[in-house]
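[1] coordinates only, sequence not included:
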């Protein structure tokens, strides 16, 4: 069954610190993996998109990695800011299927 | 910067009533999507739409749901007879192309409350 699991469920860090969020998936056949940021009550906003052949992609302070062999991805946030407080959602697509993870709720405190 | 818009932002309806949720995708986009997110749960794919027809739909998208692009700019989701469990945030999204690395842009959502 195609599934996406994210960890941790929630995370609290201090402003300026780094953090890494994890995504494991069983979606097959793999097409692409996306990380989204979702502020409370808003629509998701795309951070990165990776296909099978890509193993790292950066977008400012966000860096995503993909290991297609182990079916794992991570999102690393550098020098966190208060505005990074949000849910981060991993979305994995197969050819005719798109699965959302439950998200990691990140809180950045001053 | 172009963005996807949705109306209304919040809709309250009684069980059994029909609701229509409206979306205006980004103007040069060709692919349109609806998703829903029940409070505290994952975002779930409902349906994708291209060239005036449904291209994919999930098991959630049953006969109670329908989509339409009535006038070339709006994209609507209709729920014929709402149930309590239809209460959720409904997101519209659009993309220039489908699949691969084409980004989907999400609207701000419509919160549907069925009483």
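    The structure has been received and is ready for your questions. Given the structure is predicted, the values throughout are model-derived calculations rather than measurements. Numbering: from 1, shown residues only, chains lettered A, B, ... in the order given.
[2] around chain B, which positions in chain A sit nearby?
    A:31-32, A:38, A:41-46, A:49, A:51, A:89, A:91, A:93, A:95-96, A:98, A:100-103 (CB under 8 Å from any CB of the partner chain). No exception for glycine: its C-beta is placed from N, CA and C like everyone else's.
[3] what comes up buried for stretch B:92-99?
    Neighbour-count burial for stretch B:92-99, counted by 16 or more other CB atoms under 10 Å in any protein chain shown, picks out B:92-95.
[4] pLDDT of stretch B:45-52, averaged?
    Average pLDDT, stretch B:45-52: 93.
[5] ok, and for that stretch, which residues are buried?
    Using 16+ other CB under 10 Å as the test for burial, stretch B:45-52 gives B:45-50.
[6] now stretch A:7-25
    A:11, A:13, A:19, A:21, A:23-25.
[7] now go through the buried residues of stretch B:45-52 and say which are in strands.
    B:45-50 (DSSP state E).
[8] so what's the closest residue to chain A within chain B closest to, chain neighbours aside?
    At 3.2 Å from chain A, residue B:106 is the closest residue in chain B, using CB to the nearest CB. Excluding the flanking residues, the one nearest residue B:106 by CB to CB, 6 or more residues apart in numbering or on different chains is residue A:43, at 3.2 Å.
[9] just the strands in chain B please.
    B:5-7, B:10-13, B:19-24, B:31-37, B:43-50, B:53-57, B:65-68, B:75-79, B:88-95, B:105-106, B:110-114.
[10] and chain A, by the same measure?
    Going by DSSP E, chain A shows strands at A:4-7, A:10-14, A:19-25, A:30-38, A:45-51, A:56-59, A:62-67, A:72-77, A:86-94, A:97-100, A:104-109.
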